[in-house]
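1. Take a look and give me a structure for this.
(one chain, ligands or ions: 1)
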Amino acid sequence: MSNDFVFDDDDFAKEGGAGSGSREFDEFDCPGCNANNPVDEKFTDGDEVRCNYCGCEFKALVNQEGKLRFREL
Ligand SMILES: [Zn+2]
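-> Sure thing, here's the model as predicted:
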């Protein structure tokens with residue numbers, strides 16, 4: 001009659017969830033003209049942003065280190 005409560009801590013070891021959705025940005029530096037663009041709505045990985053200065057559109061890519069990069073559309 002022993003009730004052993006075993007807590008499985010394995011969940012803490014889980015990595016590689018890519019943390020999608022948790023990294024948001026409210027500004028970006030345009031890779032085309034280097035202008036700093038504040039945005040009204042925060043964007044994150046996979047969102048598209050547009051530079052207010054040169055009009056170029058980019059797709060935002062956030063890697064697992066949280067580093068923001070852009071791909072020209
Ligand atoms: Zn620009």
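2. which strand of the chain spans the most residues?
-> Ranked by residue count under DSSP state E, the longest strand found in the chain is strand 36-44.
3. Can you list the buried residues in it?
-> Residues 37, 43 are the ones in strand 36-44 that count as buried (16 or more other CB atoms under 10 Å). Using the backbone N, CA and C atoms, a C-beta is placed for each residue, glycine as well.
4. what does it rub up against?
-> By CB atoms under 8 Å, 6 or more residues apart in numbering, the surrounding residues in contact with strand 36-44 are 20-30, 49, 51-53, 60, 62.
5. gap between residue 29 and residue 39?
-> Distance from residue 29 to residue 39, counting by CB to CB, to the nearest Å: 12 Å.
6. what kind of secondary structure is residue 34 in?
-> Here residue 34 is recorded as coil under DSSP: H, G, I helix; E, B strand; the rest coil.
7. give me the number of residues near it?
-> Counted with other CB atoms under 10 Å, residues neighbouring residue 34 total 10.
8. which parts of the protein sit against the ion?
-> For the chain, the residues in contact with the ion (CB under 5 Å from the ion) are 30, 32-33, 35, 51, 53-54.
9. Model confidence for residue 26, exactly?
-> Per-residue confidence at residue 26 stands at 95 (pLDDT).
10. that's a strand at it, yeah?
-> Yes: when classified by three-state DSSP, residue 26 is found to be part of a strand.
11. what sits against it?
-> 38-39, 42.
12. mind running it again at 6 Å?
-> Counting by CB atoms under 6 Å, 6 or more residues apart in numbering, residue 26 makes contact with 39, 42.
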